[in-house]
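*Asks:* I'll drop the sequence and a predicted model, then ask my questions.
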Amino acid sequence: MTIIKPFFLFFLFASILILSNGCATLPNVSKTIDEASPAPEPRQIVSSNGLLSPEKSKAIVERLKRSVSPTDVLERHTAVVESVTESPLTKGNKVTLITDGAAAYAAMVTAIQNATNHINFETYIIENDDTGRKFADLLLQKQAEGVQVNFIYDSVGSCGTPAAFFKRLRDAGIQVVEFNPMNPMKARGHWPLKHPDHRKILVADGKVALTGGINISSVYSSSPSGSGKAKGAPLPWRDTDVQIEGPAVAEFQKMFLDTWQNQKGPKLSERNYFPVLKEAGNALVRVVGNTPGQSNRITFIAYVSAITFAEHSIHLTNAYFIPDDQTLDAFCDAARRGVDVKIIVPEKTDSDMALHAQRYNYSELLKAGVKIYERRNALLHAKTAVIDSVWSTVGSTNMDYWSFVSDNEVNAIILSREFAIEMEKMFAKDLAESHQIQWNEWIHRSLCPRIGECFAHLFSRWL
């Protein structure tokens, strides 16, 4: 009985997933591309003073086009994304790239400490470890100073964190929302366990936003560099965030407040959630959010259309690389038409099944000319891409079915030659810490990993 029970529970859980999510589909991106205008009107851009005229918007895009080699991602891709989202393309943003957990936490702490009005914080995981407790103490301090703290955590992602951790926050006046509670007795009218909130958003005073792949956990406390790792020590986690200042911050704020409302969170105290935002830099930024539902898989459409319109280079880093057929075809087609497609994925990760499912796709990609690299000396958790040296994205979205179909996700899309240069430098550093998968070696791997890959692929929709 002790042997049968774990298997019974596994298949029961798998059955629930299959019934609840197995019929979910992804939108046909080719159809979305066809429906978007093939010769679009000039994209209209939002500034700190509101919507720009078509003439001014066109002039901004033309200046950006002149800074790079010709590419369709600046107009045709932008038209596709604009056709499926109400989130505007905003100008005047300062975007700072953050390439490890320690630097991200330092930036978060600074933003929280400088807040004088409110702090809106949303995360998939906050652990009851040294890092989690330090953030809790800091949020409690700001609440005591009169800064209203509003906090959203995911029930599944933070299931290991005791209820007392969150009770301490609530008792001090922090407004706390548990996203889609695992406990059906706490569910708000339904029990959508299969729809987690995988977003990571911090907004301070409505003026500074941070987002990316970094959760609140001590796994990020060590350096992701390849040297100095003690023998037997756990692998450091390598992840990426961005800090954004400027008009795009308002879009992160809207996203947080929409989630709060949809989760029927307590009434928020009146604060200045949408202050006047001055231009802080030169980057164009669009904030795209993914929520479950056929019409809301915007990060998926953004990724596939950007890959489809790439003309020179696609440099992607992703933690759980288990692409669907459309994404796989887009990568292969890009490589066949001469685009330099390089993909960095983890050599080791926190899910053996996900790792095997990732490797199942290597043969098809390698045969098409895609270059695949596995990151050594770190547990790669980043979700980033830079295309044609001008289009970049940093966010929470993994390239797998679960992220595209079931999760609440968020990505910042940045159109900037200067920021793309920083992204390429980061990519080059990861490349130097990676080994390339060679076709002539890959086809001679042993039977055992092949069996594991085929088995894991059967469950790829639920990894």
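*Replies:* Received it, and whenever you're ready, just let me know what you need.
*Asks:* Can you name every helix or strand that the helix or strand harbouring residue 31 contacts?
*Replies:* Element membership of residue 31, judged by DSSP states H and E, is helix 29-35. On a contact count with 3 or more CB pairs under 8 Å, 6 or more residues apart in numbering; DSSP states H and E, helix 29-35 meets helix 76-84, helix 298-309, helix 325-336. Every C-beta, even on glycine, is put in place using the N, C-alpha and C of the backbone.
*Asks:* Run a quick neighbour tally on residue 367.
*Replies:* 14 (other CB atoms under 10 Å).
*Asks:* now it, what's its secondary structure?
*Replies:* helix (DSSP: H, G, I helix; E, B strand; the rest coil).
*Asks:* that older thread, got the contact list for the helix holding residue 31?
*Replies:* Under the contact criterion CB atoms under 8 Å, 6 or more residues apart in numbering, helix 29-35 has outside partners 76, 80, 83-84, 300-301, 304-305, 308, 326, 330.
*Asks:* ok, and for that helix, which residues are buried?
*Replies:* Buried residues in helix 29-35, counted by 16 or more other CB atoms under 10 Å: 29, 32-33.
*Asks:* how many neighbours does residue 436 have?
*Replies:* Number of residues near residue 436 (other CB under 10 Å) recorded here: 12.
*Asks:* Hmm, it is touching residue 371, no?
*Replies:* Yes: in this structure, residue 436 is within contact of residue 371 by CB atoms under 8 Å, at 6.5 Å.
*Asks:* coming back round to it: just name the closest of the buried residues of helix 29-35 to residue 361, please.
*Replies:* Ranked by distance to residue 361 (CB to CB), those are led by residue 29 at 18.1 Å.
*Asks:* And for the closest one, nearest residue in space, chain neighbours not counted?
*Replies:* Of all residues not flanking residue 29 in the chain, residue 304 sits nearest, at 4.3 Å (CB to CB, 6 or more residues apart in numbering).
*Asks:* helices or strands next to the following helix or strand past the helix holding residue 31 in the packing?
*Replies:* Once helix 29-35 ends, the next helix or strand along the chain (criterion: DSSP H and E) is strand 45-47. Applying 3+ CB pairs under 8 Å, 6+ apart, one finds that strand 45-47 contacts helix 54-66, strand 89-98.
*Asks:* ok, 10 Å please
*Replies:* helix 54-66, strand 89-98, strand 283-290 (3 or more CB pairs under 10 Å, 6 or more residues apart in numbering; DSSP states H and E).
*Asks:* Mean neighbour count, these: which tops it?
*Replies:* strand 283-290 (a mean of 26; mean count of other CB atoms under 10 Å).
*Asks:* Find out how far that strand is from the centre of the chain, if you would.
*Replies:* 11 Å (CA atoms, centre = their mean, to the nearest Å).
*Asks:* so who does the residue nearest the centre of the chain touch?
*Replies:* Closest residue to the average C-alpha location of the chain: residue 396 at 1.6 Å, with CA atoms, centre = their mean. By CB atoms under 10 Å, 6 or more residues apart in numbering, the residues touching residue 396 are 123-124, 197-201, 211-215, 241, 289-290, 299, 383, 403, 407-411.
*Asks:* repeat for residue 265
*Replies:* If you count contacts by CB under 10 Å, 6+ apart, then residue 265 has 150-152, 175-179, 188, 257, 259 around it.
*Asks:* Please flag which of the residues you listed sit within strands.
*Replies:* Members of the contacts of residue 265 lying in strands (criterion: DSSP state E): 150-152, 175-179.
*Asks:* Scan the residues you listed and report the most crowded one.
*Replies:* Top of the ones in strands among the contacts of residue 265 by neighbour count (other CB under 10 Å): residue 179, with 26 neighbours.
*Asks:* which non-adjacent residue is nearest that residue?
*Replies:* Closest to residue 179 by CB to CB, 6+ apart is residue 197, at 4.0 Å.
*Asks:* how about that neighbour, what does it touch?
*Replies:* So residue 197 contacts 122-124, 152-157, 177-180, 259, 263, 291, 396, 407-410 (CB under 10 Å, 6+ apart).
*Asks:* Mind doing that once more with 6 Å?
*Replies:* For residue 197, the contact set (CB atoms under 6 Å, 6 or more residues apart in numbering) comprises 154, 179, 408.
*Asks:* got the phi/psi numbers for it?
*Replies:* Torsion angles at residue 197 (phi, psi; degrees, to the nearest 10) stand at phi -100, psi 100.
*Asks:* Residue 410 versus that one, what's the distance?
*Replies:* 10 Å (CB to CB, to the nearest Å).
*Asks:* What is the neighbour count of the closest residue to residue 339 other than its chain neighbours?
*Replies:* Leaving aside its chain neighbours, residue 339 sits nearest to residue 310 (5.1 Å; criterion: CB to CB, 6+ apart). Applying other CB under 10 Å, we find 25 residues neighbouring residue 310.
*Asks:* Quick check: residue 310 touching residue 387?
*Replies:* Yes: using CB atoms under 6 Å, residue 310 is in contact with residue 387, at 4.9 Å.
*Asks:* Next up, the contacts around residue 84.
*Replies:* 298, 301.
*Asks:* Also the one 4 residues further on?
*Replies:* Residues near residue 88 by CB under 6 Å, 6+ apart: residue 46.
*Asks:* 8 Å instead, please
*Replies:* By CB under 8 Å, 6+ apart, the contact set of residue 88 is 44-46, 51, 251, 286.
*Asks:* Relative to residue 72, which of the residues you listed is nearest.
*Replies:* residue 286 (16.4 Å).
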